[in-house]
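Visitor: I would like to see how this sequence folds:
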Amino acid sequence: MEDISLGWVVAAVVVNLTGLAGLWIRALWRAKAEKARGDALIAIAEALPGGGRLRDQRADGSCITLTVPSPAGQGGHRG
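Guide: Residues are numbered from 1 along each chain as shown. Okay, here's the model as predicted:
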């Protein structure tokens, strides 16, 4: 059985840590982008009039549809 040199162990650790660091940075970037997208959707939804509808479709095909309820005094009350 061959001896594994310290250089190979260090190289393997560095490669794994670099990969993990890349995944961590990507996760942080995605979380920041999702937060910005969510904040923008909230701002748009708050600007919609009562009874308005918002539909957001992403590039991956997923979709969010939001219907803003009418204010209580404007008829459309169901109970």
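
Visitor: Helix or strand: which one has the residue most central in space within the chain?
Guide: Residue closest to the average C-alpha location in the chain (Cα atoms, centre = their mean): residue 34, at 3.1 Å. Counting by DSSP states H and E, the element that carries residue 34 is helix 6-47.

Visitor: Following element in sequence after that helix, please.
Guide: Assigned by DSSP H and E, the successor of helix 6-47 is strand 53-57.

Visitor: Now find how far off-centre that next one is within its chain.
Guide: For strand 53-57, the gap between its own C-alpha mean and the chain's C-alpha mean amounts to 16 Å (Cα atoms, centre = their mean, to the nearest Å).

Visitor: Dump it to PDB, restricted to CA.
Guide: Once non-C-alpha atoms are left out, strand 53-57 reads as follows in PDB (Å, rounded to 0.1, in the frame of the first residue of the first chain):
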ATOM      1  CA  ARG A  53     -54.600  41.000  -9.200                       C
ATOM      2  CA  LEU A  54     -50.900  40.300  -9.500                       C
ATOM      3  CA  ARG A  55     -49.300  37.400 -11.300                       C
ATOM      4  CA  ASP A  56     -45.600  36.800 -11.200                       C
ATOM      5  CA  GLN A  57     -44.100  34.100 -13.400                       C
END
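
Visitor: got the angle for it vs helix 6-47?
Guide: 160 degrees (axes from the mean of the first three to the mean of the last three Cα atoms, to 10 degrees).

Visitor: who touches the next helix or strand after strand 53-57?
Guide: The C-terminal neighbour of strand 53-57 among helices and strands, as given by DSSP H and E, is strand 63-67. Defining contact as Cβ atoms under 8 Å, 6 or more residues apart in numbering, one finds that strand 63-67 is touched by 41, 45, 51-57. For the C-beta atoms, the positions are set from N, CA and C on the backbone; glycine is no exception.
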